[in-house]
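Sequence and predicted structure are below.
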Number of protein chains: 4
Amino acid sequence: MHDIAVIGAGRIGKIHAGNASADARIRLKYIVDPVADVAQSLASATGASVATLDEVLADPSIAGVVIASSTDTHLDYSLRAIGAGKAVFCEKPIDLDLQKARAAVPALGGGAPLFLGFNRRFDPNFRRLHDRINSGEMGRLETLHIISHDPAPPPIDYVRVSGGMFKDMTIHDFDMARWLLGEEPIDVYAAGATMVDPAIAEAGDIDTAKIILRTSSGRICIISNSRRSGYGYDQRIEAFCAGGLMRAGNTVSSTVETWTATGASSEPLQNFFLDRYAQAYREEMTHFADMLDGRVSPLVGYGDGISALALAEAAMESHLTSTVVRIQY
Amino acid sequence: MHDIAVIGAGRIGKIHAGNASADARIRLKYIVDPVADVAQSLASATGASVATLDEVLADPSIAGVVIASSTDTHLDYSLRAIGAGKAVFCEKPIDLDLQKARAAVPALGGGAPLFLGFNRRFDPNFRRLHDRINSGEMGRLETLHIISHDPAPPPIDYVRVSGGMFKDMTIHDFDMARWLLGEEPIDVYAAGATMVDPAIAEAGDIDTAKIILRTSSGRICIISNSRRSGYGYDQRIEAFCAGGLMRAGNTVSSTVETWTATGASSEPLQNFFLDRYAQAYREEMTHFADMLDGRVSPLVGYGDGISALALAEAAMESHLTSTVVRIQY
Amino acid sequence: MHDIAVIGAGRIGKIHAGNASADARIRLKYIVDPVADVAQSLASATGASVATLDEVLADPSIAGVVIASSTDTHLDYSLRAIGAGKAVFCEKPIDLDLQKARAAVPALGGGAPLFLGFNRRFDPNFRRLHDRINSGEMGRLETLHIISHDPAPPPIDYVRVSGGMFKDMTIHDFDMARWLLGEEPIDVYAAGATMVDPAIAEAGDIDTAKIILRTSSGRICIISNSRRSGYGYDQRIEAFCAGGLMRAGNTVSSTVETWTATGASSEPLQNFFLDRYAQAYREEMTHFADMLDGRVSPLVGYGDGISALALAEAAMESHLTSTVVRIQY
Amino acid sequence: MHDIAVIGAGRIGKIHAGNASADARIRLKYIVDPVADVAQSLASATGASVATLDEVLADPSIAGVVIASSTDTHLDYSLRAIGAGKAVFCEKPIDLDLQKARAAVPALGGGAPLFLGFNRRFDPNFRRLHDRINSGEMGRLETLHIISHDPAPPPIDYVRVSGGMFKDMTIHDFDMARWLLGEEPIDVYAAGATMVDPAIAEAGDIDTAKIILRTSSGRICIISNSRRSGYGYDQRIEAFCAGGLMRAGNTVSSTVETWTATGASSEPLQNFFLDRYAQAYREEMTHFADMLDGRVSPLVGYGDGISALALAEAAMESHLTSTVVRIQY
């Protein structure tokens, strides 16, 4: 049984706290949140205690911490937890500033393990796709299409602090591309636009993009992003291999269909990301428990976070300059 | 090049005349129809001449006739054509009266070949299903589900002279069942009802039925019929084999789909039977040309027509008596 | 918080115990099982204590019991629990003997509520189908097709004590038919056969059946059963309504597809019933908690168990006599 | 009845000759081909006569010509036919040399109409997609994905004279993009590679590409090309609109599916382009007949051919320089 703490009792902190409570190998000991009643409420619901981060890090029984606080605290809290010898499961992104993130590499290496929560790698469908690609049954992976469209844009206040669409949204797709391709992209072209809401443009951001990545071995990857699909949460991947195609599709809210004179209709897609990736979040916690058991290394590490961030910065430069940009890792 | 005549210039006669014209091995020489300008119009469109049935049968150049006239003439015209040594391609059903049809067996045997137009056997999808079942790849066929629902009921005047739903509509499914099962049903239970239009009940007919057939080797077949589906022309078959399922599905008017917040929608089914089975009608004419070439025997013969009719009569008796009825062939 | 006990620590008892543990409104206090270490093992895993049924029923803190013991104990334990004033959540079937089950009606009425675990009513897909049929959006339900094929037959030792396929397997479909049709079937025709394994015939049972039910208002329902599909756990329903079709389909183990030169292939169906209906079992426990809260009556009651059993007996009589059998409720 | 000639009796010439023969408004008078017995064979099969191009153009009864000869003759023959006052239906591409094609604009304007055979605009599925996008039902079209993968690469001898993949294959997709977007792309980025066959690289060509186009109004289009899919002829389009997605899918060789323990499998895609687009070729001939009737202007004109060619040249420059290239029309 490993004692852990969850730092941050917001939407995603609640998910991780719930999954930690349900895992037979983990005991959720502390909840940390600057807002007292938010912390207390989640602590009560999960049988944990409220504590400060200092108290958590000073408690020798604590084996690991889940960092689900605001993005600007991710790197600092990770550094402090690793410094205290605690294993870390940190929500993505590790930071919005690539230079700052790179500067922390020495401090984060060699000690306790850090697991970065790119949740989509833990989705059973994408994981199955990954495993079947890597089984070699379909021959060499040649090109990849990742479609990742959100149902609706986030509030404009969130957009302003999000770091921009590439760092906030596409970063998932950059990580997925790297994971499935099995190698680093070498250059990127990103055609971005604002089609959904002029307020997003006013906030200095975009809401739509098509991106082409090329890798050193010659593979090509397309990423398609939109902040508003009009039809739900579109999360599809097509992997074109030498022997054929492998794809992972969307998940539907039920298998019910209607057939009428105007055609056949399925039910809506699973739209809310916490529903769509509920199983992925559970698998993340299982992975963290495996890490605490010492049985596995983190599937996603700090270096993965830096690579995804480097891709996001290069994509932004490409978008702004309308040029193909070479990635600097 | 085989000279033929088409008897009957109505809806289905036009289809056969058009297909005959397009077949490189067939020359459409005559059109026969009691209504002079209907005959003339089709003859003009196809480059054929108008003639009487007597003239057709007396013309030694005529190798075969297509009988697409009204149902009550099918048997008489077939007998006359066979008597004149002409190959016959006769629309289904051969007759509505089982006793009368049986009585004609001696006169129809041994001479020119007679091909009964159960068009669905020539649909590429159902033919492919038949061939794959018979390839044995999926093991022994055990049970069969045939769904055959019409988009909308025929005019009530047609219902009155149709011979009833079992002889008019289900007869296709009885033939399909016999063809796919590869043996004769031994008994039938038919649960019929009128759910679509009370006028059909007043005309002494039904519009909905579920039927179970059993064969001598123990196979079981379900047939589902409705005169009005509400969603189009539903023509599906599922063949449950020892090793798994083989099925043939509906055909859609286009591959276009829309995805919206309420779900994904395909376009309507191909609804009009002349569209849905356009390819089947073409294949029938090719089969008739093969017969005239002497290369094949009819895929569907007179005996098939009698068996299907016997099943229809037994189904009606079952429906009327709420009992399981043994088939008398 | 309601204290409950789970009676029976076998495969299905473990599922219910796990779901009870995870439900915030329920505390799993006792595990009862005649095999001591089986009971102890489940108790340890769930934080419960081992007890006898007598001890459970004598404990005034116990609000309800989950009966997941062998079928032959269901009725007796239910009577004892209801007699002790405990709410009951009993696995199906209530008993294999219709007369005995009917005799218990007086003793089971009016006291503590009894919920019979027909799990499929709690499957989100079938529940959604039920709700949309009943919304009236598609017009009156006219006919119903229920396909329920198992991946593989149970062990022959189980077959011998199962009560026969109709009482063991079809009973789920009879309940589903009654629930979706919203009225009682009045007669049944069942064509049964042994196609899968001769040992099943030797044990006096069948492994394949097609069944037609008719209701008093004239609706017609087909049920298709097989103990071995060859392709997995096939659980489909098609509801033909006046305005079109509503259907619920199978669930697939992942959304991954492959496209090769021989066609497109999806991944296998979710085959194990405990996986396929995992969510349904969770929803059952939620429903039991709602009952204990006094907020709902059981969605499936003792009378539903008797009706399903009466249908199973009538189906067996129909199968044995090859006649249409009127149901005696 | 319009008399026409077909120039070129190769694979595509045969298709057009067959469709011309079957069209009630067209009489196929002449076949022209430099290889005498090839010309004679097609003439015999269609009831036409063999002639030279000079004879055809000198015959005042000839209303139009179908140019299906080798690519290097397209422009010359079109100029001569237009000069002789004949309507032209010319296979794509109009030429492989953009400068040469542009120079011919003055000579081709204002006289007899020229219809360039971009067959995919006539496919019923893509046409339906086009019409539904333009109906506005789904809101403004924002971004577009065109997937166009061939089953297998052409012979290397063909590759050498093809003008390169962008002019030979992608040119269809450039035309489709322009047609569906309803406006001209302004710049292009093309990431090309040779993944299928090193011989293609040796021939100076590529076999794989991902392309991003941007239009003046801000729309973005992705094109994906491969000379070898491994799974058949992949021809899909997704149109992302403000209100949702519209897509057109692949066509399958039959509706038969098998379900086994390893999953559900459909039958192969319709793979040969002459099968996949058989209906499109028929619709092209109908369109040409409509042109000869004076009822319509060409749906695809000479200017469309030049625009597609300009896009192909810009894509090649982008590929060679790894830069985003502005289109020069």
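Thanks, I have it. Only a predicted model underlies this, so the values are computations on that prediction, with no experimental measurement involved.

and the stretch 101-250 of chain A, which of its residues are near chain C?
A:124-125, A:128-129, A:132, A:138, A:243-250 (Cβ under 8 Å from any Cβ of the partner chain). Bear in mind the C-beta positions are built from the backbone N, C-alpha and C, glycine included.

So which elements touch the longest helix anywhere in chain A?
If you go by DSSP state H, chain A has its longest helix at helix A:302-321. Here helix A:302-321 touches helix A:98-103, helix A:105-108, strand A:114-117, helix A:171-181, strand A:185-193, strand A:208-215, strand A:325-326, going by 3 or more Cβ pairs under 8 Å, 6 or more residues apart in numbering or on different chains; DSSP states H and E.

give me that answer again for 7 Å
helix A:98-103, strand A:114-117, helix A:171-181, strand A:185-193, strand A:325-326 (3 or more Cβ pairs under 7 Å, 6 or more residues apart in numbering or on different chains; DSSP states H and E).

tell me the pLDDT at the one residue sitting closest to the centre of chain A?
Taking Cα atoms, centre = their mean, the centroid of chain A lies closest to residue A:118, which sits 3.0 Å from it. Looking at residue A:118, its pLDDT is 97.

Against residue A:178, how distant is it?
10 Å (Cβ to Cβ, to the nearest Å).

before we move on, the earlier item: pull the contacting residues for the residue nearest to the centre of chain A.
Residue A:118 makes contact with A:92, A:172, A:175, A:300, A:304, according to Cβ atoms under 7 Å, 6 or more residues apart in numbering or on different chains.

Now do the residue of chain A most remote from its centre, the pLDDT please.
When distances are taken from the C-alpha mean of chain A, residue A:261 lies farthest, 41.8 Å away, according to Cα atoms, centre = their mean. For residue A:261, the model assigns a pLDDT of 95.

Nearest spatial neighbour of it, chain-adjacent residues omitted?
residue B:231 (5.9 Å; Cβ to Cβ, 6 or more residues apart in numbering or on different chains).

And that neighbour, which helix or strand is it part of?
In the assignment (DSSP states H and E), residue B:231 maps to no helix and no strand.

swap in residue A:65?
Applying DSSP H and E, one finds residue A:65 within strand A:62-67.

repeat for residue A:134
Going by DSSP H and E, residue A:134 is in helix A:124-135.

Show me what that helix is packed up against.
Checking 3+ Cβ pairs under 7 Å, 6+ apart, helix A:124-135 ends up next to helix A:171-181, strand A:234-241, strand A:244-248.

let's see it at 10 Å
Packing partners of helix A:124-135 (3 or more Cβ pairs under 10 Å, 6 or more residues apart in numbering or on different chains; DSSP states H and E): strand A:141-149, helix A:171-181, strand A:234-241, strand A:244-248, helix A:278-292, strand C:257-260.

closest one to chain B among those?
Set against chain B and scored by Cβ to the nearest Cβ, these come closest in strand A:234-241, at 7.9 Å.

what angle do that closest one and helix A:171-181 make?
In terms of direction (axes from the mean of the first three to the mean of the last three Cα atoms, to 10 degrees), strand A:234-241 departs from helix A:171-181 by 20 degrees.

Strand A:234-241 versus strand A:141-149: what angle between them?
Using the same axes, to 10 degrees: strand A:234-241 against strand A:141-149 is 170 degrees.

is strand A:234-241 anywhere near chain D?
Yes: judged by Cβ under 10 Å from any Cβ of the partner chain, strand A:234-241 and chain D are in contact via A:234, A:236, A:238, A:240-241.

Neighbouring strands - and their directions - for that strand?
strand A:141-149 (antiparallel), strand A:244-248 (antiparallel) (DSSP bridges).

re the thing from before, joint contacts of residue A:118 and residue A:178?
Listed as contacting both residue A:118 and residue A:178 by Cβ atoms under 10 Å, 6 or more residues apart in numbering or on different chains are A:300, A:304, A:308.

Thought residue A:90 was touching the second one, still the case?
No: using Cβ atoms under 10 Å, residue A:304 makes no contact with residue A:90, being 11.5 Å away.

So if I had to pick from those two, which one is more boxed in?
Taking other Cβ atoms under 10 Å in any protein chain shown, residue A:304 and residue A:90 do not tie; residue A:90 has more neighbours (26 against 21).

List the contacts of the more buried one.
So residue A:90 contacts A:7, A:65-69, A:73-75, A:77-78, A:81-82, A:114-117, A:300, A:302, A:305 (Cβ under 10 Å, 6+ apart).

Please indicate which of these are buried?
Those of the contacts of residue A:90 that meet the buried threshold are A:7, A:65-69, A:73-75, A:77-78, A:81-82, A:114-117, A:300, A:302, A:305, by 16 or more other Cβ atoms under 10 Å in any protein chain shown.

Now residue A:170: closest residue in space that isn't a chain neighbour?
In space, and not counting its chain neighbours, residue A:170 is closest to residue A:225: 5.5 Å by Cβ to Cβ, 6+ apart.

Spit out the contact partners of the one you found.
Counting by Cβ under 10 Å, 6+ apart, residue A:225 has contacts A:146-150, A:165-166, A:169-170, A:172-173, A:190, A:192, A:206-211, A:315, D:143.

Next: residue A:265.
With Cβ under 10 Å, 6+ apart, residue A:265 has these contacts: A:256-259, B:257-258, B:260, B:262-266, C:244.

Just the buried subset of the residues you listed, please.
Looking at the contacts of residue A:265 with 16+ other Cβ under 10 Å, the buried ones turn out to be A:256-259, B:257-258, B:260, B:263-266, C:244.

residues from the stretch 1-150 of chain A in reach of chain D?
A:138-140, A:142-145, A:147, A:149.

Using neighbour counts, pick out the buried residues of stretch A:208-222.
For stretch A:208-222, the buried set under the neighbour-count rule, 16+ other Cβ under 10 Å, comprises A:208-215, A:219-222.

mind exporting the helix or strand residue A:160 falls within as CSV, just the C-alpha atoms?
Assigned by DSSP H and E, residue A:160 belongs to helix A:156-161. Taking C-alpha atoms only, helix A:156-161 is exported to CSV below (Å, rounded to 0.1, in the frame of the first residue of the first chain):
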residue,chain,number,x,y,z
ILE,A,156,-12.2,33.0,-23.4
ASP,A,157,-10.6,33.6,-20.0
TYR,A,158,-9.1,30.2,-20.2
VAL,A,159,-7.9,30.8,-23.7
ARG,A,160,-5.9,33.9,-22.5
VAL,A,161,-3.9,31.9,-20.0
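
so for that helix, what's the average pLDDT?
For helix A:156-161, mean pLDDT is 95.

ditto for stretch A:180-195
According to the model, stretch A:180-195 has a mean pLDDT of 97.

Rebuild the residues of strand A:234-241 next to chain D as TSV, extending it with pLDDT and distance to residue A:286.
Output for the residues of strand A:234-241 next to chain D, formatted as TSV (pLDDT from 0 to 100; distance: Cβ to Cβ, whole Å):
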residue	pLDDT	distance to residue A:286
A:234	97	27
A:236	98	25
A:238	98	28
A:240	98	31
A:241	98	29
